[in-house]
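Enquirer: model this:
(one chain, ligands or ions: 3)
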Amino acid sequence: MRCRLLPPLVVPLIGCVLFLPPAHGEGPDPLGSYVAPCLVACPAGDSNFVVITRQFDGSPWMHGQVTVDFCACAGFRLVTNRSRSYVVMPSGCAIARDPDALGVSFFPIAGGGTCTQGEARVYADGIPFGSRAIASPDQDGDWVVTEADVALLAGKLGRSDSKGDFDCDGVVSITDIAIVRSHLGHMGDLLTSLRASSWGGLKIAYR
Ligand SMILES: [Ca+2]
Ligand SMILES: [Ca+2]
Ligand SMILES: [Zn+2]
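Expert: Ligands and ions are numbered 1, 2, ... in the order given. So this is what the prediction gives:
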């Protein structure tokens, strides 16, 4: 309506564009957004990985999906036995969700195992937002956190192995061991855990 008040020759030049509402499709800004430095994934899904997406003007971005992609990490497996606050993509190795009104995406990632190589890759609207090493208290990937996982981590003490660095201080320390111990007994679910275990592990479970 306000366009009609302008001289006819001026309208095509400056157009009604001036009066359009601000485009909310400005897009997510990788540099102005936040991706948590640590990615911890327990089979029980009790550790939150957070991504906060903002547009280039600093306002929250929530106009598309945020994705965490584990497909480059063959040793890590998502637990997909029940619904969570994110959806598992058809590939089975990536998860996604819509940010909330403040641009915040919480991912209580349920999974186990470690990467022999590769990291989790984060995207917003398909735009790369960086990658993160995966640290799972389930170090051996059988979807149960046991003393065997603690023993594996103990073998990494003093190393800069990001797969065993749960507090992101750059080294595997007794603090990381304590964090894994706090997850002892956590599992995806009993049936999937038993299926993932070797037959020997199965016999031990029923002993
Ligand atoms: Ca385990
Ligand atoms: Ca550490
Ligand atoms: Zn846990």
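Enquirer: The residue nearest to the spatial centre of the chain bridge partners, please.
Expert: The chain has residue 68 as the residue nearest its centroid, 4.6 Å off, counting by CA atoms, centre = their mean. Assessed by DSSP bridges, residue 68 has beta-bridge partners residue 95, residue 122.
Enquirer: what separates it from ligand 3, distance-wise?
Expert: Residue 68 sits 18 Å away from ligand 3, taking CB to the ion, to the nearest Å as the criterion. Quick note: C-beta positions are derived from backbone N, CA and C, even for glycine.
Enquirer: Do I have it right that that residue meets residue 95?
Expert: Yes: with contact defined as CB atoms under 8 Å, residue 68 and residue 95 form a contacting pair (5.3 Å).
Enquirer: any common contacting residues for the two?
Expert: 86, 107, 109 (CB atoms under 8 Å, 6 or more residues apart in numbering).
Enquirer: Same list (these) but as JSON lines, adding secondary structure and pLDDT.
Expert: Formatted as JSON lines, the shared contacts of residue 68 and residue 95 follow (DSSP: H, G, I helix; E, B strand; the rest coil; pLDDT from 0 to 100):
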{"residue": "86", "secondary structure": "coil", "pLDDT": "97"}
{"residue": "107", "secondary structure": "strand", "pLDDT": "98"}
{"residue": "109", "secondary structure": "coil", "pLDDT": "97"}
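Enquirer: Looking at those, which is nearest ligand 3?
Expert: Nearest to ligand 3 out of the shared contacts of residue 68 and residue 95 is residue 109 (CB to the ion; 10.8 Å).
Enquirer: Number of residues surrounding the nearest residue to the closest one once chain neighbours are set aside?
Expert: Nearest residue to residue 109 in three dimensions, chain neighbours excluded: residue 41, at 4.1 Å (CB to CB, 6 or more residues apart in numbering). Other residues near residue 41 come to 28 when the count uses other CB atoms under 10 Å.
Enquirer: go on, residue 102?
Expert: Neighbours around residue 102, by other CB under 10 Å: 12.
Enquirer: check contacts around it.
Expert: Counted by CB under 8 Å, 6+ apart, residue 102 has contacts 52, 60, 62.
Enquirer: how does it look with 10 Å?
Expert: Residues in contact with residue 102, defined by CB atoms under 10 Å, 6 or more residues apart in numbering, are 52, 53, 54, 59, 60, 62.
Enquirer: Tell me which two of those residues sit farthest apart.
Expert: Of all pairs drawn from the contacts of residue 102, the one with the longest distance (CB to CB) is 52 and 59, at 11.8 Å.
Enquirer: Now for those two: what residues contact both?
Expert: By CB under 10 Å, 6+ apart, the residues touching both residue 52 and residue 59 are 32, 102, 103.
Enquirer: May I ask you to confirm that the second one belongs to a strand?
Expert: Spelled out, it's residue 102. No: per DSSP: H, G, I helix; E, B strand; the rest coil, residue 102 lies outside any strand segment and is coil.
Enquirer: Can you name the residues that contact residue 34?
Expert: 50, 51, 52, 53, 54, 103, 104, 129.
Enquirer: The last one looks like it's in a strand, true?
Expert: Yes: when classified by three-state DSSP, residue 129 is found to be part of a strand.
Enquirer: got a list of what the closest residue to it other than its chain neighbours touches?
Expert: Excluding the flanking residues, the one nearest residue 129 by CB to CB, 6+ apart is residue 122, at 4.2 Å. Shown in contact with residue 122 (CB under 10 Å, 6+ apart): 30, 33, 35-36, 39, 49, 51, 53, 66-69, 105, 107, 128-132.
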